[in-house]
Each structure stands twice: as structure tokens, then as C-alpha cells.
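A.B. asks: here's a sequence, model it:
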Amino acid sequence: MKIALVAQHSTPVPAADGTTPAVGDDAQLVEMSRHLAGQGHQVTVYARRDGRSLPERAKLAPGVSVEYVGPADSSGDDSHLVKQIGAFSAPLHAAWGKDRPDVVHAVRWTSGLAALSAARDLQVPVVQSFDQLGVTERRHGLIPAGAGTERIRLEPAIGRTVSAVVAASSDEEADLTQLGIPRRAIRVVPVGIDTDEFTPEGPACERNGRQRLVTVADLAAEQDALITLLHALAKIPAAELVIAGGPAHEDLRGDLSYRRLIKLSDTLGLHGRLFFAGHLGRTALPPLLRSADLMVTINQHEATALTSIQAMACGTPVVASANGVHTDAVVDGTTGIIVEPRPPALLAQKIRALLAHPMQLEAFSVAATDRARSRYSWDRIAHETLAVYDTALAA
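C.D. replies: Coordinates of the predicted model:
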């Protein structure tokens, strides 16, 4: 099968040593492409030319090539991407007219517009992934009132026009049906992880004798959740908390969100029990996750449960808030627990109860590893994605 992956927002670049790009959307895109190709398919990624000196075409992995499309421009915000849809879709239409793909998979809404435009008279089925819907972001305050109206208006139209829609979670599936997209056209395929990299075996960060909680968070965007977690930590005297995220460790002192959290920790008497790791590269995250007794993530909204799944793959049970992606990923009472994070005293009570039962934690650890490997390996995610393509082709 010849697969065209359209990712107007992304610019994956082959690493010098041939490895996957370090983090973020580019890494997810390359891993998906690589595993689709690994099952015998030919994959071409159509990505944004972002202003760097890039060739027209490059090889990302065996069986995977990338074509950089459109004018050289470093801006990747939605408003700019919309203006560039015509310039992005025209080369796609020309390329597909000469060498027609069997299926097109568009990632995010502007890519969907470009893909539909390029494929409109070529009889090529288009599959759409939104990653995160505009209505969802607005509901959680991630889009200011009055902004994102074009996206919110167009996403339902895209979803009703394409052959199939891939949802990342059951919550996204519910939102899609609310937008009028037929449930029969929606398939839930979650995020994938590298189960060779995220595994219980391997080096772990040093411990200092305390029980360890770890969270991975954006210090600014998830400040409210971190404040709740610090108040809970104050009621778990035997534990320490390591927060990964934010700027690099050496730049933390200049970060306003970090300074606010440090001030609160001083007020709560957390000296010696709260540590900020700063931004961690891909290779640094597994050792930290392996060193933890629990991964705690209580943000009220996340597009994916990626770090929780990575923690589970490392054998670390998860304490997570009851949002959709985590209720999909964490089997409550088996691989961790689902909690209501407020009030902090109740959160602290539940964490203390888990830490007081090491045999239960060990059972959670085994179950978490098994679930992450069986449900979220890239081989399985690629297989499920191919099943969506087959459905689109049949339709």
C-alpha cells in the first residue's frame, strides 16, 4: 500500500545518526511512519518547509521518505497555515496525479483541508486525525473566547467529508459524534510508545531513601494542578516529588512559574522534598520514571496520556485525574488509580494508602508494564491504523 501522510504543521528532519527526532509531534509522526513501513508499506510524509535549508526530499527511515512542501517559512501557527493551504495542496495534487497513493492520512485540521483539496478529483480516500479538537480546547480554556472560530467551524465539515476519522481517545470520539460525525466513521487509535526504550529494565535515577513521586508538567500551563499537588505533598511527609518539565534546568531560576512554585513550597515547608528536573530529553525520561514509586498526573485536560503510558511501560503505577485519556489508559485499581485531585487532602490520603502497601504497588507495576506493552506498542498502533485505512479503501 502507498500511504501519503500529510502533516502541514510538522517538519521532521532525519537525525544525523539515523534515530527518531527527540521529542514531540515530529517523533510521533516518524515512529508511526516507520512502523507502517515496517509492515511492508511505502510511506511518504508531506511536511512543511519551515525556513531551514532543506532538500525537496529526504529519507526518514527504511521505506519512509519526506517531501518538504510549500514556501520556506518558519511560522507554524494556525492562522499562517490556513493562508498557506493553497500553496501546500497544489504540489500534493501534482505529485498524486503522477503517482497516486492508495490512501491519504491527514494530521490536524489544516492538513485535512489541504489533503481534501489535493485529492478531490483523484478518487483517493482521505483519513483524518485531529490530534485535538477546537471545541475541546475551547471547553478547557486553551482557546481564548472569540479565537479559533474558523477551526471550530471547519473541523466538523472535514470530519463529515473524509472517509474515516481517527480519534485518540473515547472522549474525542464522543466530541466527534456531538459534532455530527457518524460514529461508524470513527475509530479510536491511541498514541503509541517505544516499548524497547520505555521498559522496567535499564538505568534508574538515584534515590535518597524517601518514597518518590514524579510528575511531568508544563510549569505555566499546568500551574493549578501543580499547586494542588504541592498541597497534597505537604500531607505526605515520607515522600518527595520530582517535577520534570519547563525550561532547561539551568534556566529555571529565570522562569516566573518556577519561582511561584518555589515560593509556595517554602510556605508549605517542603524544603528537601521538592525537586525540579527542568526539561528532560528523550533519553533522560525513562531513568527518572523507573526511579519513581508513583507517577502522578492530575491535570484536568490532556490531549494524550503519553507520559502516563510511558511510566506504565517502565513499571511505574500511575495516579491520574479522571479525564478521558487517562480513564482509557489507566485501569483503575489494576495499573494505578483514577482520582479526583481536589481536595488535596483526599489526594494525599489516596497516595499515602498506596505507598503504605508495597505489595500492591508491585502488583500494579507488573500489570502496568503488561498493559503498556500489549496496548500501546507502535506495532499494535500501526496495525490498528492500517485497519482504518482498509476500512476507508473498502468504503
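
A.B. asks: same question for stretch 27-43, mean pLDDT?
C.D. replies: Regarding stretch 27-43, the rounded mean pLDDT is 94.

A.B. asks: CA atoms only: put that stretch into PDB for me.
C.D. replies: Taking Å, rounded to 0.1, in the frame of the first residue of the first chain, the C-alpha atoms of stretch 27-43 are listed here in PDB:
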ATOM      1  CA  ALA A  27       8.800  12.000  16.800                       C
ATOM      2  CA  GLN A  28       5.300  10.600  16.900                       C
ATOM      3  CA  LEU A  29       4.900  11.200  13.200                       C
ATOM      4  CA  VAL A  30       8.200   9.500  12.300                       C
ATOM      5  CA  GLU A  31       7.500   6.500  14.600                       C
ATOM      6  CA  MET A  32       4.100   6.000  13.000                       C
ATOM      7  CA  SER A  33       5.600   6.200   9.500                       C
ATOM      8  CA  ARG A  34       8.400   3.900  10.400                       C
ATOM      9  CA  HIS A  35       6.100   1.200  11.800                       C
ATOM     10  CA  LEU A  36       3.700   1.400   8.900                       C
ATOM     11  CA  ALA A  37       6.700   0.900   6.600                       C
ATOM     12  CA  GLY A  38       7.900  -1.900   8.800                       C
ATOM     13  CA  GLN A  39       4.700  -3.800   7.900                       C
ATOM     14  CA  GLY A  40       5.600  -3.700   4.200                       C
ATOM     15  CA  HIS A  41       4.000  -0.400   3.100                       C
ATOM     16  CA  GLN A  42       5.500   2.600   1.300                       C
ATOM     17  CA  VAL A  43       5.100   5.800   3.200                       C
END
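
A.B. asks: for Ile158, which residues are in contact?
C.D. replies: If you count contacts by C-beta atoms under 8 Å, 6 or more residues apart in numbering, Ile158 has them with Trp109, Gly112, Leu113, Leu116, Gln128. Bear in mind the C-beta positions are built from the backbone N, C-alpha and C, glycine included.

A.B. asks: helix or strand for it, which one?
C.D. replies: helix 149-161 (DSSP states H and E).

A.B. asks: using PDB, write out every CA atom in that helix.
C.D. replies: C-alpha atoms of helix 149-161 as PDB (Å, rounded to 0.1, in the frame of the first residue of the first chain):
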ATOM      1  CA  THR A 149     -13.800  30.300  15.200                       C
ATOM      2  CA  GLU A 150     -12.700  29.200  11.700                       C
ATOM      3  CA  ARG A 151     -11.100  26.000  13.100                       C
ATOM      4  CA  ILE A 152     -14.200  25.200  15.200                       C
ATOM      5  CA  ARG A 153     -16.500  25.800  12.200                       C
ATOM      6  CA  LEU A 154     -14.400  23.700   9.700                       C
ATOM      7  CA  GLU A 155     -13.400  20.700  11.800                       C
ATOM      8  CA  PRO A 156     -16.900  19.200  11.700                       C
ATOM      9  CA  ALA A 157     -17.100  19.700   7.900                       C
ATOM     10  CA  ILE A 158     -13.700  18.000   7.400                       C
ATOM     11  CA  GLY A 159     -14.800  15.100   9.600                       C
ATOM     12  CA  ARG A 160     -18.100  14.600   7.700                       C
ATOM     13  CA  THR A 161     -16.200  14.800   4.300                       C
END
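
A.B. asks: which is the next helix or strand following it?
C.D. replies: Next element after helix 149-161 (DSSP H and E): strand 164-167.

A.B. asks: returning to what we had before: and the contacts of Ile158, which is closest to His35?
C.D. replies: Taking C-beta to C-beta as the measure, His35 lies nearest Gln128 of these, at 19.7 Å.

A.B. asks: show me the strands in the stretch 101-250 of the chain, by range?
C.D. replies: 103-107, 126-129, 164-167, 186-188, 211-216, 239-244 (DSSP state E, counting those that start in this stretch).

A.B. asks: by mean pLDDT, flag the weakest helix or strand of the chain.
C.D. replies: Using mean pLDDT, DSSP states H and E, the weakest-scoring helix or strand in the chain turns out to be helix 78-83, at a mean of 83.
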